[in-house]
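1. got a sequence here, can you build the structure:
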Amino acid sequence: MDLDVFVTAHRAEWDRLDHLLHRGRNLTGAEADELVALYQRTATHLSLIQSSAPDPMLTGRLTQLVARARSTVTGTRRATWRDAVRFLTAGFPAAVYRSRQWWIPTAVLSTVLAAVIGWWIGVHPEVQSAIAAPDELRQLTRPGGEYETYYSSHPAASFAAQVWTNNAQAAAMCLTLGAFLCLPVVWILFVNVLNLGVGIGLMSSAGRLDTFLGLVLPHGLLELTAVFVAAGTGLRLGWTVIDPGPQSRRTALAQQGRAAIGMAIGLALVLFVSGVIEGFVTPSGLPTWARITIGIVAELAFLAYVYILGGRAARMGDTGDVEARDRSAELPAAA
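-> Residues are numbered from 1 along each chain as shown. A predicted model of the protein is given here:
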């Protein structure tokens, strides 16, 4: 395609569309119909230029023009409570359900790796001595030591808020950094697994693994599941860069990226629940079996939420992406 000839042939239409957009609401019925027709033609022109002769300046101008026209034609839609309900009952659980092929293997491999690291540290005193001096290790692992007092070192409410903020940031980083070929996600996941493995190893070497698990499991089941979901989704996003499948890389990344943003919001809510458990249940005076039971119930409730509501929504075609009317059209469509 000869770009100069194309621009010369259609510049008048673009200028006319820009003029009508500046008129705003002061359009006659015929001018409104003309605006819609020019919007559709300009969207087609933009698609042709992007695929055949991409020019940054011209593409930028037409993209802005099409976006303004689309906003004028379709109007601005405000989010409502119905959108929030739909997100919580269909969009978010469907996104988690559809990405299960990524986060379930991530969870299994991470758990196995944490157990192996814990075993390796627990049976090798020389590894323990490389982590910290003997006195420091005793301070960490003794009854009433730092591993135990960590969960009650601050008021429950502020501790829960701090934990929630840290975990939500980690999950968001996994989701957003996945596009960098998965590498940052693998690193964040490894750091979390390593910390868990070190705790398992040191406490097992001191004969207090049951105490450690009694402190970690109440909140850790749900918290780690959320981290694994975020990591799996981030890995899926990174793999989309490498292999977008039948879609174009741009379209596939846009779809997965929008779903990942929704996942970040949903997982923040999940991590809020685990933060409340960590702040109020883990350091409480409840028996160990009662605290672990609360953690198991919270985990089973989340999995049921994903597999029942999410599975049903996914089978009905929900991908976790925003509704079609709220995203840019991949191809020009008639009004």
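2. all contacts plus neighbour counts: C-alpha atoms, from now on.
-> OK.
3. ok, Gly245 to Met263 distance?
-> In this view, Gly245 and Met263 are 21 Å apart by C-alpha to C-alpha, to the nearest Å.
4. who's more crowded, the two?
-> For Gly245 versus Met263, neighbours defined as other C-alpha atoms under 10 Å are more numerous around Met263 (28 against 11).
5. who's in contact with the more buried one?
-> Contacts here follow C-alpha atoms under 8 Å, 6 or more residues apart in numbering; on that basis Met263 touches 92, 95-96, 230.
6. again, only this time at 10 Å
-> Shown in contact with Met263 (C-alpha atoms under 10 Å, 6 or more residues apart in numbering): 87, 91-96, 171-172, 175, 226, 229-230, 233, 257, 269, 320-321.
7. what's the pLDDT at it?
-> Model confidence at Met263, given as pLDDT, is 86.
8. again with Pro54
-> pLDDT for Pro54: 69.
9. and the spatially closest residue to Gly245 that is not a sequence neighbour, how close does it get to Arg236?
-> Leaving aside its chain neighbours, Gly245 sits nearest to Ala252 (7.9 Å; criterion: C-alpha to C-alpha, 6 or more residues apart in numbering). Ala252 sits 11 Å away from Arg236, taking C-alpha to C-alpha as the criterion.
10. mutual contacts of those two, please.
-> When contacts are counted by C-alpha under 10 Å, 6+ apart, the set common to Ala252 and Arg236 consists of Asp243.
11. coming back round to it: which of the contacts of Met263 fall in helices?
-> 92-96, 171-172, 175, 226, 229-230, 233, 257, 269 (DSSP state H).
12. check which residues of the lowest-mean-pLDDT helix or strand in the chain are buried.
-> Among the helical and strand segments of the chain, the one scoring lowest on mean pLDDT, DSSP states H and E is helix 156-177, with a mean of 76. Within helix 156-177, the residues that count as buried by 16 or more other C-alpha atoms under 10 Å are 156, 159-160, 163-165, 167-168, 170-177.
13. which SSE is immediately downstream of it?
-> Counting by DSSP states H and E, the next helix or strand C-terminal to helix 156-177 is helix 183-205.
14. for that following helix, enumerate the helices and strands it packs against.
-> Other elements packing on helix 183-205 under the criterion 3 or more C-alpha pairs under 10 Å, 6 or more residues apart in numbering; DSSP states H and E are helix 100-123, helix 125-131, helix 134-141, helix 156-177, helix 209-242.
15. sorry, back to before: just want the angle from the least confident helix or strand of the chain to helix 209-242.
-> Between helix 156-177 and helix 209-242, the angle comes out at 30 degrees (axes from the mean of the first three to the mean of the last three C-alpha atoms, to 10 degrees).
16. returning to that earlier point: what helix or strand is the residue nearest to Gly245 on?
-> According to DSSP H and E, Ala252 maps onto helix 249-276.
17. out of the helices and strands packed on helix 183-205, which one sits most buried?
-> Mean neighbour counts were compared across these using mean count of other C-alpha atoms under 10 Å; the top stretch is helix 209-242, at a mean of 23.
18. quick one: mean pLDDT for it?
-> Across helix 209-242, the per-residue pLDDT values average to 90.
19. pLDDT of stretch 61-71, averaged?
-> In this model, stretch 61-71 has an average pLDDT of 85.
20. before we move on, what about stretch 99-118?
-> This predicted structure assigns stretch 99-118 an average pLDDT of 95.
21. quick one: that stretch to chain centroid distance?
-> Computed by C-alpha atoms, centre = their mean, to the nearest Å, the separation of stretch 99-118 from the middle of its chain amounts to 18 Å.
22. same question, stretch 268-281
-> That offset, for stretch 268-281, works out to 18 Å (C-alpha atoms, centre = their mean).
23. just the buried residues of it, please?
-> Burial within stretch 268-281, assessed by neighbour count using 16+ other C-alpha under 10 Å, is assigned to 268, 270-281.
24. now it: mean pLDDT?
-> Per-residue pLDDT values over stretch 268-281 give a mean of 92.
25. list the contacts of the closest residue to Phe280 other than its chain neighbours.
-> The shortest distance from Phe280 to any residue other than its chain neighbours is 5.6 Å, reached at Ala156 (C-alpha to C-alpha, 6+ apart). Residues in contact with Ala156, defined by C-alpha under 10 Å, 6+ apart, are 162, 275-284.
26. cool, and Ala226?
-> Taking C-alpha under 10 Å, 6+ apart as the test, what Ala226 contacts is 96, 103, 107, 167-168, 171, 220, 232, 263-264, 266-271, 274, 299, 302.
27. same thing but at 7 Å, please
-> Taking C-alpha atoms under 7 Å, 6 or more residues apart in numbering, we find Ala226 in contact with 267, 270-271.
28. ok, Gly214 next?
-> With contact set as C-alpha under 7 Å, 6+ apart, Gly214 has these partners: 288, 292.
29. now, which of the contacts of Ala226 sits nearest Val73?
-> Looking at the contacts of Ala226 and their distance to Val73, the nearest is Leu267, at 34.5 Å (C-alpha to C-alpha).
30. for that closest one, give its distance to Gly311.
-> Note on Leu267: its distance to Gly311, by C-alpha to C-alpha, is 17 Å.
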